[in-house]
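**Q** coords below, sequence missing:
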């Protein structure tokens, strides 16, 4: 079974984001595998160990993303691919979709896994976009995956409830928190990862023109949300508190 995992390099969730002149300052910041993608990597390894096959991880980004690919290899993936997008000046989800589409055009795959969303952009677009371009079925927000022959039985989270869907392979499935508990790379795994294949591809390798992969969106402004103000405690009898709360919502917050 050929299993591919879509992976993204993101800020560590503990990092404090700083913006200067509309640009995110990442000097000295710590980067990690997008946490939702970690669930996908772990699930791919478990499926391979049970059903046989090979796990490949692939990311679109710059050479710095090699560290996160090596981490996935240390977790147990078999090989990795880095698709460099530095030649694309205004890259967005469309750009990533186009590069991945070109990449998978030359690959044989049974299952493609990825995170439900990325913690930086949070759009959740890449999985569904790619599945549409490859003309395969997709299921999002998976919290359980069971393979039976050429079929995948997927339990997905639906706003606190569960929905069970059966789909035929090949399929693309995105992982939600709760799917599994990602493993930490072991020392032997880290040592083995150094010798596992990691192939770097550029636009020429994929036969993609810069213009064809140019982003469709434009970032107008970046800014941090305003700092939270201190809360206010209403005192007095309950009836008086309710009246004061309604007044504040109308006059101060202007939400009523």
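**A** Nice, thanks for sending it over. These numbers come from a predicted model, not from an experiment.

**Q** what's the neighbour count on the nearest residue to residue 176 once chain neighbours are set aside?
**A** Nearest in space to residue 176, with sequence neighbours left out and distances taken as Cβ to Cβ, 6 or more residues apart in numbering, is residue 141 at 4.2 Å. (Glycine included, C-beta is placed from N, CA and C.) As a burial measure, residue 141 scores 23 neighbours (other Cβ atoms under 10 Å).

**Q** and residue 141, which of the three is it?
**A** State at residue 141, reduced to three classes by DSSP: H, G, I helix; E, B strand; the rest coil: strand.

**Q** ok, now which ones touch it?
**A** 116, 156-158, 174, 176 (Cβ atoms under 8 Å, 6 or more residues apart in numbering).

**Q** so which pair among the residues you listed is furthest apart in space?
**A** For the contacts of residue 141, the farthest-apart pair by Cβ to Cβ is 158 and 174; their separation is 13.6 Å.

**Q** coming back round to it: how close does the residue nearest to residue 176 sit to residue 43?
**A** Computed with Cβ to Cβ, to the nearest Å, the distance linking residue 141 and residue 43 is 13 Å.

**Q** for residue 162, same thing?
**A** 17 Å.

**Q** now swap in residue 129 and tell me
**A** Taken as Cβ to Cβ, the span from residue 129 to residue 43 is 21 Å.

**Q** show me the helices in the chain, by range?
**A** 35-51, 66-75, 93-104, 126-134, 187-193, 203-206, 238-251 (DSSP state H).

**Q** would you list those in JSON lines and tack on distance to residue 149?
**A** Formatted as JSON lines, the helices of the chain follow (distance: least, Cβ to Cβ, whole Å):
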{"stretch": "helix 35-51", "distance to residue 149": "10"}
{"stretch": "helix 66-75", "distance to residue 149": "27"}
{"stretch": "helix 93-104", "distance to residue 149": "23"}
{"stretch": "helix 126-134", "distance to residue 149": "21"}
{"stretch": "helix 187-193", "distance to residue 149": "31"}
{"stretch": "helix 203-206", "distance to residue 149": "33"}
{"stretch": "helix 238-251", "distance to residue 149": "57"}
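
**Q** ranking those helices by mean pLDDT, which is last?
**A** Ranked by mean pLDDT, the helices of the chain end with helix 238-251 in last place, scoring a mean of 89.

**Q** name the residues that touch that one?
**A** Helix 238-251 is contacted by residues 232, 234-236, 255-256 when judged by Cβ under 8 Å, 6+ apart.

**Q** switch to 7 Å and redo it
**A** Helix 238-251 is contacted from outside by 234, 255-256, using Cβ atoms under 7 Å, 6 or more residues apart in numbering.

**Q** pull the distance from stretch 93-109 to the chain's centre.
**A** Relative to the centre of its chain, stretch 93-109 is centred 15 Å away, using Cα atoms, centre = their mean, to the nearest Å.

**Q** just the buried residues of that stretch, please?
**A** Using 16 or more other Cβ atoms under 10 Å as the test for burial, stretch 93-109 gives 93-104, 109.

**Q** can you check which of the helices of the chain gets nearest to residue 87?
**A** helix 203-206 (5.5 Å).

**Q** so what does that closest one touch, helix or strand wise?
**A** If contacts are counted by 3 or more Cβ pairs under 7 Å, 6 or more residues apart in numbering; DSSP states H and E, helix 203-206 sits against helix 93-104.

**Q** could you give the angle of the helix it packs on to helix 126-134?
**A** If you take axes from the mean of the first three to the mean of the last three Cα atoms, to 10 degrees, helix 93-104 sits at 50 degrees to helix 126-134.

**Q** I figured residue 215 was touching residue 94, is that so?
**A** Yes - using Cβ atoms under 7 Å, residue 215 is in contact with residue 94, at 5.8 Å.

**Q** quick one on the thing from earlier: and residue 158 and residue 174? Which one has more around it.
**A** Shown here are residue 158 and residue 174; by other Cβ under 10 Å, residue 174 has more neighbours (27 against 11).

**Q** for that one, give me the pLDDT.
**A** Model confidence at residue 174, given as pLDDT, is 97.

**Q** this completes my enquiry, with thanks.
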